[in-house]
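>>> Got a sequence here, can you build the structure:
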Amino acid sequence: MSGTIDWMAAWAWAWPVLVLCLWLVGCAAGLRRFFGWYEERFLETQSGQSQLVRIFYGLAYVGTTTAGLYALAWLAPVPEFVRTYLESEVQPWVWYSLALIGWVIGGVVLTRRGVRLMTERAATTHTEVDDAIVAAIRRPLYLVLLLIGVNIWVMMVPFGAQAWTVMEKVNAGAGTVAVLLFIDSFIDGYITLRSSSSRVLATSGPVLKSTARILIIVVGSLMLLDAVGIDVTPILASLGVGSLALGLALQKALEDFLSGLLIAADQPIRVGDYIEIFGEESGTVLAIGWRTTRIRTRDDMVVIIPNSKLSQSTVVNRSMPRNSVEFIVDVGVDYSSDLERVAEVSLEVARSIQEEHSKATDGYSPRLVYMAFGGSSIDYQLWLSARSWEATFELRDAFIRALHARFKVENITIPFPMRTLDIPSEVIAQLAPGSDA
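Numbers count the residues shown, from 1 in each chain. I've put the predicted structure just below:
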């Protein structure tokens, strides 16, 4: 009889544990399948979003495990005082905590769907403002959603009397953070969207975004401290001495930063311009940052120049006031050439290159002017126009090749440099063989 009683006692624990194991395995498989389907159906392939799905999966599994363990305590023959403790002390925390997890997961899913629909709608308009607003509200909405859930959770669970005092400061701080997140995301998104259509923002965008972010961090930190009840007056007073010491320590960096702001405001150079720094480098501007400017030279090397040095240098901007650039090709022909025919042939070749080459400026009419009687040739200059300064090298190469081939057909000679030496006859006599000298 004692063996039967032992078996019954073991079975009383065995079947609830078996149910718990089946519950955990089923929940793990179901949650993995659901979140895998959700990630494939609704999310873009980004590592940050995959990480978010894994966090949701972990929260959901913690919730289902907690519910299973709580159910085990009621199904298994646990002592009565344990059930009493669970019912009076643990139960309020368990159910409302599970509800909070469900609120966060469901709220984030619905918020993502809503933001995605608003993004699609904003993409159909002709302004970038609504696109930037929709992109900026995502993170603040998540924070507000979590804040609402935590406030309801604090109302329902048996916290002490000081809970709402703490929550008031948490609400004020979280609200400030949400506003700052929105402002930062909006500025960053708007400048990024406008950079594709605005040459000014394409150039000054990185500097403006860095400046705005620094201001938001500094001012936002003071606002956050004030919102949670910390007096910022001593901090503001110490900032005077601290900023002086910081300014001396970072004098060069601040000089580069301020020079970057001046370049962004004055726009002497822009991203995509071809510039020549007097006596130094030349190339295409790749980016203007808050501390340095990067240019790509013709031999495909990236040169990094401090903004302070760039602002103090003499810079030739080959892309201003317009991108198209006129350039000169120097040519010389033999003195026996028919100059009218030379001009006619040269202009024909130039017009052909100007009309057919993809890097040539549309509608430009080449010009030719004879310049001088050279040492071995009659020299002239021919004007062409390219879409950009970098394109002048390709256009010059194509014109010289075509003109050389055409001159061969027309029997027009480009002479080698020649020098005529006038030697006195007595010197020649002295140099002749058999001379006494």
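>>> going forward, measure contacts between C-alpha atoms and count neighbours the same way
Fine.
>>> Which phi and psi values does residue 306 adopt?
phi -60, psi 140 (degrees, to the nearest 10).
>>> so what's it up against?
By C-alpha atoms under 8 Å, 6 or more residues apart in numbering, residue 306 lies in contact with 256, 291, 292, 293.
>>> Those residues in helices, which ones?
Mapping the contacts of residue 306 onto helices (DSSP state H) picks out residue 256.
>>> Which of the contacts of residue 306 scores worst on pLDDT?
Within these, residue 256 has the lowest pLDDT, namely 78.
>>> now that one: how far from residue 96?
Relative to residue 96, residue 256 is positioned 54 Å away (C-alpha to C-alpha, to the nearest Å).
>>> more crowded one of those two?
Shown here are residue 256 and residue 96; by other C-alpha atoms under 10 Å, residue 256 has more neighbours (24 against 17).
>>> The more buried one against residue 289, yeah?
No - with contacts counted by C-alpha atoms under 8 Å, residue 256 stays clear of residue 289, the gap being 9.5 Å.
>>> so where do the strands sit in the stretch 251-400 of the chain?
For the stretch 251-400 of the chain, applying DSSP state E, counting those that start in this stretch gives strands covering 274-277, 282-288, 292-296, 302-306, 315-317, 325-333, 367-373, 378-386.
>>> Quick one: residues in contact with the first one.
What it means is strand 274-277. Under the contact criterion C-alpha under 8 Å, 6+ apart, strand 274-277 has outside partners 269, 282-285, 310, 313-319, 388-390.
>>> Just the buried ones from these?
Neighbour-count burial within these applies to 269, 282-285, 310, 315, 317-319, 388-390; the criterion is 16 or more other C-alpha atoms under 10 Å.
>>> I'd like those residues as JSON lines, with pLDDT appended.
Output for the buried ones among the contacts of strand 274-277, formatted as JSON lines (pLDDT from 0 to 100):
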{"residue": "269", "pLDDT": "82"}
{"residue": "282", "pLDDT": "82"}
{"residue": "283", "pLDDT": "83"}
{"residue": "284", "pLDDT": "84"}
{"residue": "285", "pLDDT": "86"}
{"residue": "310", "pLDDT": "83"}
{"residue": "315", "pLDDT": "84"}
{"residue": "317", "pLDDT": "83"}
{"residue": "318", "pLDDT": "79"}
{"residue": "319", "pLDDT": "77"}
{"residue": "388", "pLDDT": "83"}
{"residue": "389", "pLDDT": "79"}
{"residue": "390", "pLDDT": "79"}
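>>> which one among the residues you listed gets closest to residue 77?
Ranked by distance to residue 77 (C-alpha to C-alpha), the buried ones among the contacts of strand 274-277 are led by residue 285 at 76.9 Å.
>>> how near is that closest one to residue 389?
Applying C-alpha to C-alpha, the value for residue 285 to residue 389 is 12 Å.
>>> Check residue 353 too.
For residue 353, the distance to residue 389 - C-alpha to C-alpha - is 16 Å.
>>> Sketch out the low-pLDDT regions of this structure for me.
Scanning the chain for pLDDT under 70 picks out 1-9, 38-52, 82-83, 85-89, 160-161, 197-204, 235-251, 418-419, 427-428, 431-437.
>>> Now with 50, please.
Low-confidence segments of the chain, defined by pLDDT under 50, are located at 1-4, 45, 47-48.
>>> Mind splitting it into its structural domains?
11-230, 251-317, 325-410 (automatic domain parsing).
>>> Could you dump those domains into a markdown table and include distance to residue 417?
Putting the domains of the chain into a markdown table (distance: least, C-alpha to C-alpha, whole Å) gives the following:
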| stretch | distance to residue 417 |
| --- | --- |
| domain 11-230 | 48 |
| domain 251-317 | 31 |
| domain 325-410 | 5 |
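>>> coming back round to it: may I ask which two of the buried ones among the contacts of strand 274-277 are separated the most?
Spanning the widest gap among these are 310 and 388, at 21.8 Å by C-alpha to C-alpha.
>>> Count the neighbours of residue 307 for me.
For residue 307, using other C-alpha under 10 Å, the count is 26.
>>> so who does it touch?
256, 257, 259, 260, 290, 291, 292, 293.
>>> give me that answer again for 10 Å
253, 255-263, 288-294, 313 (C-alpha atoms under 10 Å, 6 or more residues apart in numbering).
>>> do residue 217 as well
180, 184, 223.
>>> what's the answer for residue 365, then?
Applying C-alpha under 10 Å, 6+ apart to residue 365 gives the contacts 347, 350, 351, 354, 355, 383, 384, 385.
>>> what does residue 357 give?
Residue 357 touches 386, 394, 395, 398, 399, counting by C-alpha under 10 Å, 6+ apart.
>>> let's see it at 6 Å
Shown in contact with residue 357 (C-alpha atoms under 6 Å, 6 or more residues apart in numbering): no residues.
>>> Next, give phi and psi for it.
Dihedral angles of residue 357 (phi, psi; degrees, to the nearest 10) stand at phi -70, psi 140.
>>> Ok, residue 80 next?
Dihedral angles phi and psi of residue 80 (degrees, to the nearest 10) take the values phi -70, psi -40.
>>> how many neighbours does it have?
Around residue 80 there are 9 other residues, counting by other C-alpha under 10 Å.
>>> how near is it to residue 74?
For residue 80, the distance to residue 74 - C-alpha to C-alpha - is 10 Å.
>>> Can you report how many residues lie near residue 426?
9.
>>> let me fix that: residue 425
Residue 425: 9 neighbours (other C-alpha under 10 Å).
>>> Over to the one 4 residues further on?
Burial measure for residue 429: 13 neighbouring residues, criterion other C-alpha under 10 Å.
>>> One more: residue 54?
By other C-alpha under 10 Å, 16 other residues sit near residue 54.
>>> Give the buried residues for the helix or strand hosting it.
Assigning secondary structure by DSSP states H and E places residue 54 in helix 47-75. If you call a residue buried by 16+ other C-alpha under 10 Å, then helix 47-75 has these buried ones: 50, 53-54, 56-57, 59-61, 63-68, 70, 72.
>>> which among the residues you listed gets closest to residue 329?
residue 50 (58.8 Å).
>>> distance of residue 76 from residue 15?
Separation of residue 76 from residue 15 (C-alpha to C-alpha) stands at 8 Å.
>>> Actually, residue 261.
The spacing between residue 261 and residue 15, counted by C-alpha to C-alpha, is 72 Å.
>>> quick one: which of the two has more around it?
Comparing residue 261 with residue 15 by other C-alpha under 10 Å, the one with more neighbours is residue 261, at 21 against 14.
>>> Thanks a lot, catch you later.
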